[in-house]
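Asks: any chance you can model this:
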Amino acid sequence: MNHLPSNISCFYIPNIDGNVIRLPEEESKHAIKALRLHENDRVLISDGKGYLFTASIQEANYKNTLLKIEERKVIPPLPYHIHIALSPLQHADRFEWFIEKAIEMGISQITPLLCHRTEKKRINEERLQKIAISALKQSRSAYLPIINPLTDFNEFVKKDKNLQKAIAICEGDRISLNQFISESKDKTYSILIGPEGDFSENEAEIAIKNKYSAIDLGNSTLRSETAALYVTASMKYFFSNH
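Replies: Numbering: from 1, shown residues only. Down below sits the predicted model:
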């Protein structure tokens, strides 16, 4: 699929069965009216589960566009799995920005984390899922990350089964993110990022008791969404060079 132009339109269809498929009405309308695609134009399809398909438009109908699959390709997953649990932020657009950018970088799973100092106690799960799908299409990714429901901090920590776990805190004894990654024996990670004002002392103690490593993200004070993206980008850079 390397021969496809970089500006080819990408669509998300989670369940593909056979070589002839129809775009849902909303996607058909976007394809024909917004993107102005025509018969015989080629498009890219992601199923969000590791496959990318190239297809050509057989019938350009803004309610029911018909596609014929020409090629399918399995995309290998990244050599690591990163799960970021991030407190919802006071301004929802900052959390949404993180989701968009993290998906472009290959994050595996995101959990909105309800902490002691979390100011925004509710999230719009449907909107977050739409943002995730939009980011998948924009980045032409074969994998749609899992976006979990809002989860209480204590519940998350107690149920987290990953072997490599860390909590980013602003004070106390910590190791660097690079040291944490370098010393990890497993490549499946859970990283906790707190709200504005950081985790409470009690939350940090609970995490450490549950075998989370306390990590330091550098000398600068990062906003929560920046810290979460910094971790995601650092993971991507580390494994791209090792």
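
Asks: what's the helix or strand for the most centrally placed residue in the chain?
Replies: Taking C-alpha atoms, centre = their mean, the centroid of the chain lies closest to Ile103, which sits 3.5 Å from it. Element membership for Ile103 (DSSP states H and E) is helix 92-104.

Asks: what's that helix packed up against?
Replies: strand 81-86, strand 109-114, helix 125-139, helix 224-240 (3 or more C-beta pairs under 8 Å, 6 or more residues apart in numbering; DSSP states H and E). C-betas here are computed from N, CA, C, even on glycine.

Asks: how far off strand 81-86 does it point, in degrees?
Replies: On the basis of axes from the mean of the first three to the mean of the last three C-alpha atoms, to 10 degrees, helix 92-104 is oriented at 170 degrees to strand 81-86.

Asks: returning to that earlier point: what's the most buried one of the helices and strands packed on helix 92-104?
Replies: Each of the helices and strands packed on helix 92-104 was scored by mean neighbour count; the highest is strand 81-86, a mean of 24, by mean count of other C-beta atoms under 10 Å.

Asks: gap between that strand and the chain center?
Replies: What separates the centre of strand 81-86 from the centre of its chain is 8 Å, taken as C-alpha atoms, centre = their mean, to the nearest Å.

Asks: alpha carbons only: can I get it in PDB?
Replies: Output in PDB follows, covering the C-alpha atoms of strand 81-86 (Å, rounded to 0.1, in the frame of the first residue of the first chain):
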ATOM      1  CA  HIS A  81       1.600  -1.700  24.700                       C
ATOM      2  CA  ILE A  82       1.000   1.600  26.600                       C
ATOM      3  CA  HIS A  83      -2.100   2.300  28.700                       C
ATOM      4  CA  ILE A  84      -2.300   5.900  29.900                       C
ATOM      5  CA  ALA A  85      -4.700   6.600  32.800                       C
ATOM      6  CA  LEU A  86      -5.300  10.300  32.900                       C
END
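
Asks: pretty sure the residue nearest to the centre of the chain contacts Ala142?
Replies: No. Between Ile103 and Ala142 there is no contact under C-beta atoms under 8 Å: 11.8 Å.

Asks: let me have the helices and strands packed on helix 92-104 in a markdown table, extended by mean pLDDT.
Replies: Shown next, in a markdown table, are the helices and strands packed on helix 92-104 (pLDDT from 0 to 100):
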| stretch | mean pLDDT |
| --- | --- |
| strand 81-86 | 97 |
| strand 109-114 | 97 |
| helix 125-139 | 95 |
| helix 224-240 | 94 |
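
Asks: thank you, goodbye.
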